[in-house]
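Enquirer: need a 3D model of the sequence below.
(chains A and B)
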Amino acid sequence: MVLELQEKLGEAIRALILKNYALDLPNVSLETPPDLRLGEVASPIAFELARRLRKAPKIIAQEIVTGLGAVEGFSGFEVAGAGYINARLDRLAAVCTTASEENAHLAAPGTEGHVLVEHTSINPNKAAHIGHLRNAILGDTFVRLLRATGFKVDVQNYIDNTGVQVADVVVGFLYLESKSVAEIRALAADCGERAEGTGSHTAGIDYYCWDLYARTSQWYEQGTVEEKEARKRLRYDTLHAIESGGNEIAKIADLISTAVLRRHLETMLRLGIEYDFLPRESEILHLKFWEAAREELERSGVLYEVTQGKNAGCWVMKRPGSEASAEETDDEAKVIVRSNGTVTYVGKDIAYHLWKFGLLGRDFGYRPFFRYADRECWVSTEHGEAAHPHFGGATAIYNVIDARQSDPQANVIQALRGMGHAAAADHYTHFSYEMVALTPRCAIELGYDVAPEDRTRPYIEVSGRKGFGVKADDLIDKLIAATRAEVDARRTGGIGENAEAERQKIAHQIAIGALRYFMLKYTRNSVIAFDFKDALSFEGETGPYLQYAVVRIRNIYRKGGTTPEAALAEFAKQAGQQVSESASQRSTAAARDGLSQYLSGEENEDIWALWLRAGRFSLVLEQSIAASEPAFLAKHAFQLAQEFNNFYHKHHILTEEDPQRKVFLLATAAVVLRELIKALSLLGIESPEAM
RNA sequence: GCGCCCGUAGCUCAGCUGGAUAGAGCGACUGACUACGAAUCAGUAGGUCGGGAGUUCGAAUCUCUCCGGGCGCACCA
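Expert: Numbers count the residues shown, from 1 in each chain, chains lettered A, B, ... in the order given. Down below sits the predicted model:
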């Protein structure tokens, strides 16, 4: 509602400026006044024009206000302050529009293309931790936002199943623990049996590997010089065996990484996060993606051989920004192919991204891997099934990868651009975010040894290699236990036969709501210093606060013996009468009667503010996507809930004596309920029936 | 050394393309449950927006510089 009106006003002002001053402004800046008493939309455009027109802002503003005349949806314009143009909405019309806008979404500008979002991408050699949760929740939420605006989105979770991290765990199993293949197989299989959430989440192979990985990493550092050398050799021999494939070591690695991957998918499913496709590095290697990419890289001159200097014998590419600055020497260039002929990570990534945009000329094989309630998640394979969905060939991609990887990401973009794929490079977004770290207090609480110099730091980086961090399932379990205790204390969900199941379900919904909101309330480039106190809080700006507002509204209708739908229908009937009356008696002061009176006056200002906030949804959604910032929507939902709670205390709906006003108040709550549920579902937060 | 990010109330963070008296939550203190359940609400205290300079009618927001903190800059993935 607000978005459409703003666009309309901007267009009207722009046309007027073109007509009056012969100036064509690309966009007219519009903002929200600090106080509702000043109006709902404001423009400081007169200040911008003052210089070019050599005229006082106030005079320009006055000329614009006079020239604007009537604009549909607005009740008037005025000049305020030193030259602001303040616009007042036609409140009754705005309320009627908002009430009837069941699914007011954006007219999706890019529905013709298809978007690919890559997120989660956890190395399959250990349990997921809180940093991975931030990644997955940000990515999943962004996917929901894109889909809500009409984009076709594929969700990919890239699996690096051939890297050193996997090799390290294999080394751990074989040489540190001397486990047989059968034993490893048994451990992996055990994990599958718990898949339905019946068993503990904390006894799986991912947890086992968490510790093993940390121990193996330590093992490499210990022993005599000769031992260290031997262990290092073991490590790289294992890695090479895994990369080549078709041998016993590679089979073991695949067994482990696949089992851990399943655990990750289960963990993420607890948060309502699903994937469409899991491209794996093993297939990128075996299907020779790199070889295909290399040809084009060489042909376009992006990749070239170095014959002298420290990179002699390597094939390299220029780093981003180097062409603008002074001559970059080959010593500073990015190595893509090592002197021993093997390709680096960035090289494989370039090939993979050519595939993402449909520019590689090769494809994966596909087979189903993980079953969701209503669809299948596919995985890459060398020889796949004949019938499979089509992935890749996207027109725009978003890579949810933490900020530490911005350099390698920039390299890939640089390569795409160098190969002449400008459109692809332009639609390649590194959706970066800062890490989740632990506060020193939290680390000590968890029993880790914290160095004295680290104790005074604001936060400490988590590390899988050191086994230092909070595991995702541990946090989720802790949250569920805390919400369950709260639910039991409040006797939520009744005392009937289904009480137990009901309470467990509600506790789960609240726990996930708390977690997702916690990860989404911070903007992307803010480091989250994790602390259980904050994460386990259910008061103030938290998921449960938002869910509680929803439950409160639902209770109003339950107690009142009606439904939100009925309230809105009743309201529409009244509003319809209002509109037709005022249309037929335009000259009379009909607006003083009926609904309009509930929208004016000091004591009703909060109600109008609530409707206005509810009507801002599409505007916020647009900003949220444009900035790739889910936090904007999270903040919007919180503010809506906060304003509702305020309204709830001030106006008691069910005891309202004026029947027409009661209908209006019920409709107000119904619109807030609709908007809250909508926003929460985009944040991946469920709206419980009771709390 | 080079690059990116951050520095706003005691703590954790918002602040949209520069705009009208700088906002939340937590914590502290005062109050409000026989009305739609208080996982709530109202109120009070608390800020030289890291320092300085510049651009501008106007700067938390843009530029430069300095200070402080974080993260990247491998023939590791």
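Enquirer: which part of chain A gets nearest to RNA strand B, residue-wise?
Expert: A:G540 (2.1 Å; CB to the nearest atom of the strand). From N, CA and C alone the C-beta is placed, and that goes for glycine too.
Enquirer: can you tell me how far that residue is from A:Y236?
Expert: Using CB to CB, to the nearest Å, we find A:G540 at a distance of 51 Å from A:Y236.
Enquirer: what is the burial count for A:I252?
Expert: 23 (other CB atoms under 10 Å).
Enquirer: then A:L68?
Expert: Neighbours around A:L68, by other CB under 10 Å: 18.
Enquirer: please look at it and A:E11 and confirm they touch.
Expert: No: contact criterion CB atoms under 8 Å: A:L68 and A:E11 do not qualify, at 11.4 Å.
Enquirer: which SSE is A:H636 in?
Expert: helix A:630-650 (DSSP states H and E).
Enquirer: now that helix: average pLDDT?
Expert: Helix A:630-650 shows a mean pLDDT of 96.
Enquirer: stretch A:34-46 now?
Expert: On average, stretch A:34-46 scores 90.
Enquirer: run the chain-centre distance for it.
Expert: Its chain's C-alpha centre and that of stretch A:34-46 lie 31 Å apart, by CA atoms, centre = their mean, to the nearest Å.
Enquirer: would you put the C-alpha positions of it in PDB?
Expert: Output of stretch A:34-46 as PDB, limited to C-alpha atoms (Å, rounded to 0.1, in the frame of the first residue of the first chain):
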ATOM      1  CA  PRO A  34       9.800  11.700  12.100                       C
ATOM      2  CA  ASP A  35       6.400  12.300  13.500                       C
ATOM      3  CA  LEU A  36       3.000  11.200  12.100                       C
ATOM      4  CA  ARG A  37       1.600  14.600  12.900                       C
ATOM      5  CA  LEU A  38       3.700  15.900  10.000                       C
ATOM      6  CA  GLY A  39       2.200  13.500   7.600                       C
ATOM      7  CA  GLU A  40       3.000  10.000   6.300                       C
ATOM      8  CA  VAL A  41       5.400  10.700   3.400                       C
ATOM      9  CA  ALA A  42       7.800  13.600   3.000                       C
ATOM     10  CA  SER A  43      10.100  14.900   0.300                       C
ATOM     11  CA  PRO A  44      13.100  17.100   0.800                       C
ATOM     12  CA  ILE A  45      13.300  17.600  -3.000                       C
ATOM     13  CA  ALA A  46      13.000  21.400  -2.600                       C
END
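Enquirer: for it, which positions count as buried?
Expert: By 16 or more other CB atoms under 10 Å, the buried positions in stretch A:34-46 come out as A:L38, A:G39, A:E40, A:V41, A:A42, A:S43, A:P44, A:I45, A:A46.
Enquirer: contacts for that stretch?
Expert: Contact with stretch A:34-46 is made by A:2, A:5-6, A:9-10, A:13, A:17, A:25, A:28-33, A:57-58, A:60-61, A:64, A:78, A:80, A:83-89, A:605, A:608-609, A:612, as judged by CB atoms under 8 Å, 6 or more residues apart in numbering.
Enquirer: hmm, back to that, part of a strand, is the residue of chain A closest to RNA strand B?
Expert: No: counting by DSSP: H, G, I helix; E, B strand; the rest coil, A:G540 falls outside a strand, being coil.
Enquirer: count of neighbours near it?
Expert: Neighbours of A:G540 (other CB under 10 Å): 9.
Enquirer: again with A:D330
Expert: Counted with other CB under 10 Å, residues neighbouring A:D330 total 18.
Enquirer: check which helices and strands the helix holding A:H636 sits against.
Expert: Here helix A:630-650 touches helix A:130-148, helix A:499-520, helix A:543-560, helix A:605-614, helix A:617-626, helix A:659-682, going by 3 or more CB pairs under 8 Å, 6 or more residues apart in numbering; DSSP states H and E.
Enquirer: rerun at 6 Å
Expert: helix A:499-520, helix A:543-560, helix A:605-614, helix A:617-626 (3 or more CB pairs under 6 Å, 6 or more residues apart in numbering; DSSP states H and E).
Enquirer: how about the nearest residue to A:Q504, chain neighbours excluded?
Expert: Computed as CB to CB, 6 or more residues apart in numbering, the closest residue to A:Q504 that is not its neighbour in sequence is A:R484, at 7.0 Å.
Enquirer: which helix or strand contains the one you found?
Expert: According to DSSP H and E, A:R484 maps onto helix A:472-490.
Enquirer: can I get that helix in PDB, CA atoms only?
Expert: Output of helix A:472-490 as PDB, limited to C-alpha atoms (Å, rounded to 0.1, in the frame of the first residue of the first chain):
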ATOM      1  CA  ALA A 472      24.100 -26.500  16.100                       C
ATOM      2  CA  ASP A 473      22.200 -29.500  17.500                       C
ATOM      3  CA  ASP A 474      23.400 -28.800  21.100                       C
ATOM      4  CA  LEU A 475      22.100 -25.200  20.800                       C
ATOM      5  CA  ILE A 476      18.700 -26.300  19.300                       C
ATOM      6  CA  ASP A 477      18.400 -29.000  22.100                       C
ATOM      7  CA  LYS A 478      19.100 -26.400  24.700                       C
ATOM      8  CA  LEU A 479      16.600 -24.000  23.300                       C
ATOM      9  CA  ILE A 480      13.900 -26.700  23.100                       C
ATOM     10  CA  ALA A 481      14.500 -27.700  26.700                       C
ATOM     11  CA  ALA A 482      14.200 -24.100  27.800                       C
ATOM     12  CA  THR A 483      11.000 -23.400  25.900                       C
ATOM     13  CA  ARG A 484       9.600 -26.700  27.000                       C
ATOM     14  CA  ALA A 485      10.100 -25.700  30.600                       C
ATOM     15  CA  GLU A 486       8.500 -22.400  30.000                       C
ATOM     16  CA  VAL A 487       5.500 -24.100  28.200                       C
ATOM     17  CA  ASP A 488       5.100 -26.600  31.100                       C
ATOM     18  CA  ALA A 489       5.200 -23.800  33.600                       C
ATOM     19  CA  ARG A 490       2.400 -22.000  31.800                       C
END
